[in-house]
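Undergrad: Structure for this input, please:
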Amino acid sequence: MSDLDFNEIVNLICKEDSRYDRKAYGFLREGLDYAVKELKKKENERAKQSLHVSGAELLMGIRAYALDQFGPLAITVLNSWGINRCGDFGEIVFNLIEYNVFSKTENDRREDFSEVYTFEEAFVKPFQPKHPRTGGTVSASQAPSA
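TA: Numbering: from 1, shown residues only. Sure, this is the predicted structure:
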């Protein structure tokens, strides 16, 4: 599918479902490519087969891709596109499935995207300072006051 076709389809989807910015669809498509490449690196045997990515695998790839692309701004960027939880990615995926951009197996469900991680743990926690004694992250309630 060409980018023009993809953009046209995304425009149609966004007219029907305005919850998510157009950029979210392009990001998800890039995140899928990223997830597939990462899975192929990790699993040589899978690399030889046609690769179907599960909801959880896609979410982990999207997380890594978002952190790579946006760093500590990842949660801000995703939220600005209407993406506030893992389930939002599932909604976008199933919108693309309805328009035959993505395919699914009979085992794929929206629930596969249900809160594999929280956005706090995925996109905020990696950038919080480490506690000097325990090595764990410091929450806002534990941070020393100025």
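Undergrad: pLDDT weak spots in this structure?
TA: 1-4, 44-51, 134-146 (pLDDT under 70).
Undergrad: Spatially, what comes nearest to the residue nearest the centre of it if we skip its sequence neighbours?
TA: The centroid of the chain falls nearest to residue 62 when counting by C-alpha atoms, centre = their mean (3.3 Å). Leaving aside its sequence neighbours, residue 62 sits nearest to residue 31 (C-beta to C-beta, 6 or more residues apart in numbering; 3.8 Å). Placement of C-beta: from N, CA and C, glycine included.
Undergrad: Quickly find the element holding the one you found.
TA: Per DSSP states H and E: residue 31 is located in helix 22-42.
Undergrad: Run through the residues that contact residue 88.
TA: 19-20, 24, 82 (C-beta atoms under 8 Å, 6 or more residues apart in numbering).
Undergrad: Show the contacting residues for residue 75.
TA: With C-beta under 8 Å, 6+ apart, residue 75 has these contacts: 119, 123-124.
Undergrad: change it to 10 Å
TA: Residues near residue 75 by C-beta atoms under 10 Å, 6 or more residues apart in numbering: 66-67, 83-84, 119-120, 122-124, 127.
Undergrad: Select from those the one having the most neighbours.
TA: Top of these by neighbour number is residue 83, holding 25 neighbours under the definition other C-beta atoms under 10 Å.
Undergrad: thought that residue was touching residue 113?
TA: No. Using C-beta atoms under 10 Å, residue 83 is not in contact with residue 113, being 11.2 Å away.
Undergrad: Spit out the residues that contact those two alike.
TA: Common contacts of residue 83 and residue 113 (C-beta under 10 Å, 6+ apart): 89, 91-92.
Undergrad: Highest neighbour count among those?
TA: residue 92 (25 neighbours).
Undergrad: From residue 21, how far off is that one?
TA: Using C-beta to C-beta, to the nearest Å, residue 92 is found at 10 Å from residue 21.
Undergrad: Quickly list what's touching both of those two.
TA: Joint contacts of residue 92 and residue 21 (C-beta under 10 Å, 6+ apart) are 10, 27, 81-83.
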